[in-house]
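Enquirer: Show me the folded form of this:
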Amino acid sequence: MDRKNTVFITSIILTLIFIIWGVFFTDNLAKVTDTIYQGSIDYLGWVYVGATFFFVIFSVYLLFSKYGDIRLGKKTDRPDFNTGSWLAMLFGAGMGIGIVYWSVAEPVTHYTKPPYGEGYTIEAANTAMKYTFFHWGLHPWAIYTVIGLALAFFQYNKKLPASISSAFYPILGDRIYGPIGKTIDILSIFATVFGIATSLGLGAMQVTAGMHDLFGVPNVLWIQLIVIIVGTVLFMISVNTGLEKGIQYLSNAAMIFSFAIMLLILIVGPTLTMIKVFFNTTGLYINDFIHMSLRLKPFGEGEWIASWTLFYWAWWIAWAPFVGMFIARVSKGRTIREFVIGVLIAPTLGTCLWMSIFGGSALKMVQEPGNSDLAEFITKNISLSIFTFFDHLPFSSVLSIFGFAVIAIYYITVADTATFVLGMLSEGGTLNPSNKIKMTWGVIQSAVAAVLLLAGGLNVLQTASIAAALPFAIIMVIMCYSLLKGLKKEAEVQRSSKRTRQHA
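Expert: A predicted model of the protein is given here:
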C-alpha cells in the first residue's frame, strides 16, 4: 500500500468508526466528548491561549521581516487569481457561515452575560463588541496565516507535496514520507473533518432557521438533516466544476451578496451608531489586546473564557489544516508580505466592519424601548438571530432573502472547499485531486455533521472540534520553527544567487 492509500484508508476508517459510534452509542459519544472538553479546557487551556497569541506575534514579525519579499514560487510566478477573487475565496473558507451565524448572536449574548461586570449596561455593550472583535479578529487569521504560509512555501518554493507533513521537512527531512509524516497527515484530515462538520452543523441549523422565517418550514432536527442531504447534492455538483469555476464563482457571489447586505443595513439602520461602534471598538480592541490575549482567570470564575475564547481558539485551530491548505492552493505567486497583508490584515478589517454593522445595530436595537425581550429571545434562538434582527429593520423581506442566499452559498462553498482540500490531503498532496476522492469525502463529512447533530447538537459539535484541535495546536507551533528554518535557507540561497550574478 503506497503513502496516499495509507493516509486515505486510515483516515476513512477512523472517521467511519466515529460515525458508527455516534449512530449507535449517541449518549456515550456525548459523555466522552464532554469529558475530553472539560479536561482540555481545565488543564490545557493555556496551550490554546499561548499558541494563538504566539501566532499573532509570529505573523506580524513575518510581515516586517527580511523574508517579506520572498515570492511563493519562482521569481517569475504571478498570482493565479485576481486580488478580489483571492480575498473572497480565503474569506469564504476562513469564516464563511460562522460570521453570519454569530454576528448578531454573539454581541447580544455578551451584552446580557458579559465576561465581567453587569449585563444590560452601556459598559456591557462596549465589552460585548470588544470581545466580538477579539474572537473574530487577528487571532483566527493569524492561525490561518501561519499554516497557509508554511504550506505554500514548501509546496511552491521547495517543490514538496501539498500535504501538512511537508511543512516539517527542515526538521524531519525525508521522514515526512514515513510513519511520522503519515501520522501528521492523518491527524490533519481527522481535525479537518471535525472542523468542517462543526460548520456544516451550524450551517444546517441556520439554513433551516432561514426557511422557517421565510417560508414557515418547521425548524426541527429532521429538516436540518434534509438540509444537509440537499446541501451535499448541491456541493457535489459544484465540486465537479473545479477550483477556477465552482469555488471561485461561489466565493465571489457570496462576497457580493455580503457587501449588498452590509450596505443596505448601513443605509436603513442606525448609520451613525455603526460608524461610532467601529472606531470605538477598534480603540478598545487595540488598547486591551494583550490583556484579552492572555486572560485566563487562574483564581476561579473562568467558565466564560472556557465557553467562548478557548472554544473559538480550538475551533479555528481545528479549521487550520483545511483553511491553510486551501489558502496555500490559491496563493501561488504572492510575496510573503502580500500574503500576510491579504490573510491577516485585510480579513480582520473586513470582519470588524461586518461585526460593527451587524453587532452594533443589534445592540442599539435591543436597547430601544419596547424591545426588552428581544435580547433574551436572540440568546435563546441563536440560529434565528440574524433573521430576527432583519425582521426589526426596514426592507426586512429583502434582507432576509439576501441573508438566506449568503448562508446557502457559504454553506455550499465551505463544503465544496473542504472536499477539495481533503482530496489533496488524502491523495499524497496532489494539487488537483480526483472527483472520486472529493465526492467520497463530501459524503463522509456530511455524515459526520448529521451524526453530531443527532448526538446532541451544538454542544457535541463544540466538544468534538476541541478534541481534534488540541494536538494540532502543538504541531502548529513546531511548524513555525520549521518555516523559519526554511525561510532562512531560502534567503541564503537567494543572496548567494544574487552575488553570483553580480560577479558574472
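
Enquirer: Residue 143 versus the most centrally placed residue in the chain, what's the distance?
Expert: Centroid-nearest residue in the chain, with CA atoms, centre = their mean: residue 94, separated by 3.9 Å. When distance is defined by CB to CB, to the nearest Å, residue 94 is 9 Å away from residue 143. To be clear about C-beta, it is placed using only N, CA and C from the backbone, and glycine gets the same treatment.

Enquirer: and what of residue 214?
Expert: 35 Å.

Enquirer: Those two - which one has more neighbours?
Expert: Taking other CB atoms under 10 Å, residue 214 and residue 143 do not tie; residue 143 has more neighbours (26 against 15).

Enquirer: which ones are touching the more buried one?
Expert: Listed by CB atoms under 8 Å, 6 or more residues apart in numbering, the contact set of residue 143 reads 52, 55, 316, 317, 320, 476.

Enquirer: Please put the alpha-carbon coordinates of the strand or helix carrying it into PDB.
Expert: According to DSSP states H and E, residue 143 maps onto helix 138-156. The C-alpha trace of helix 138-156 is given here as PDB (Å, rounded to 0.1, in the frame of the first residue of the first chain):
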ATOM      1  CA  LEU A 138      -6.300  38.900  14.400                       C
ATOM      2  CA  HIS A 139      -6.100  35.600  16.300                       C
ATOM      3  CA  PRO A 140      -8.000  33.400  13.900                       C
ATOM      4  CA  TRP A 141      -6.500  35.000  10.900                       C
ATOM      5  CA  ALA A 142      -3.000  34.600  12.400                       C
ATOM      6  CA  ILE A 143      -3.600  30.900  12.800                       C
ATOM      7  CA  TYR A 144      -4.500  30.700   9.100                       C
ATOM      8  CA  THR A 145      -1.600  32.900   8.100                       C
ATOM      9  CA  VAL A 146       0.900  30.700   9.800                       C
ATOM     10  CA  ILE A 147      -0.300  27.400   8.400                       C
ATOM     11  CA  GLY A 148      -1.200  28.800   5.000                       C
ATOM     12  CA  LEU A 149       2.200  30.400   4.500                       C
ATOM     13  CA  ALA A 150       4.100  27.300   5.700                       C
ATOM     14  CA  LEU A 151       2.200  25.100   3.300                       C
ATOM     15  CA  ALA A 152       2.500  27.400   0.300                       C
ATOM     16  CA  PHE A 153       6.300  28.000   0.900                       C
ATOM     17  CA  PHE A 154       7.100  24.300   1.000                       C
ATOM     18  CA  GLN A 155       4.800  23.400  -1.900                       C
ATOM     19  CA  TYR A 156       5.900  26.200  -4.300                       C
END
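
Enquirer: which helices and strands sit right next to the helix or strand just after that helix?
Expert: Of the helices and strands lying after helix 138-156 in sequence (DSSP H and E), the nearest is helix 169-172. Under the contact criterion of 3 or more CB pairs under 8 Å, 6 or more residues apart in numbering; DSSP states H and E, helix 169-172 touches helix 458-503.

Enquirer: From the chain's centroid, how far away is the helix it packs on?
Expert: Helix 458-503 has its C-alpha centroid displaced from the chain centroid by 18 Å (CA atoms, centre = their mean, to the nearest Å).

Enquirer: what's the average pLDDT for that helix?
Expert: For helix 458-503, the mean per-residue pLDDT is 81.

Enquirer: likewise stretch 163-174?
Expert: 92.

Enquirer: Over to stretch 334-349?
Expert: The average of the pLDDT scores along stretch 334-349 is 96.

Enquirer: list the buried ones in that stretch?
Expert: Across stretch 334-349, burial judged by 16 or more other CB atoms under 10 Å covers 334, 336-340, 342-348.

Enquirer: Over to stretch 434-450?
Expert: Applying 16+ other CB under 10 Å to stretch 434-450 flags 435, 437-442, 444-450 as buried.

Enquirer: Report the residue spans of this protein with pLDDT below the cut-off.
Expert: The model of the chain has pLDDT under 70 over residues 1-4, 239-246, 456-462, 464-466, 468, 501-504.

Enquirer: one more time with 50
Expert: 1 (pLDDT under 50).

Enquirer: In PDB, list the C-alpha atoms belonging to stretch 359-369.
Expert: Coordinates of the C-alpha atoms in stretch 359-369 are reproduced here as PDB (Å, rounded to 0.1, in the frame of the first residue of the first chain):
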ATOM      1  CA  GLY A 359     -23.500  43.700  16.200                       C
ATOM      2  CA  GLY A 360     -23.600  47.500  16.700                       C
ATOM      3  CA  SER A 361     -27.100  47.700  15.100                       C
ATOM      4  CA  ALA A 362     -28.300  44.700  17.100                       C
ATOM      5  CA  LEU A 363     -27.100  46.200  20.400                       C
ATOM      6  CA  LYS A 364     -28.700  49.500  19.500                       C
ATOM      7  CA  MET A 365     -31.900  47.600  18.700                       C
ATOM      8  CA  VAL A 366     -32.100  45.700  22.000                       C
ATOM      9  CA  GLN A 367     -31.600  48.900  24.000                       C
ATOM     10  CA  GLU A 368     -34.600  50.600  22.400                       C
ATOM     11  CA  PRO A 369     -37.800  51.000  24.400                       C
END
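
Enquirer: which other residues reach it?
Expert: Contacts for stretch 359-369 (CB under 8 Å, 6+ apart): 103-104, 106-108, 111, 125, 128-129, 132, 265, 269-270, 273-274, 276-278, 281, 371, 374-375, 378, 385, 389, 392-393.
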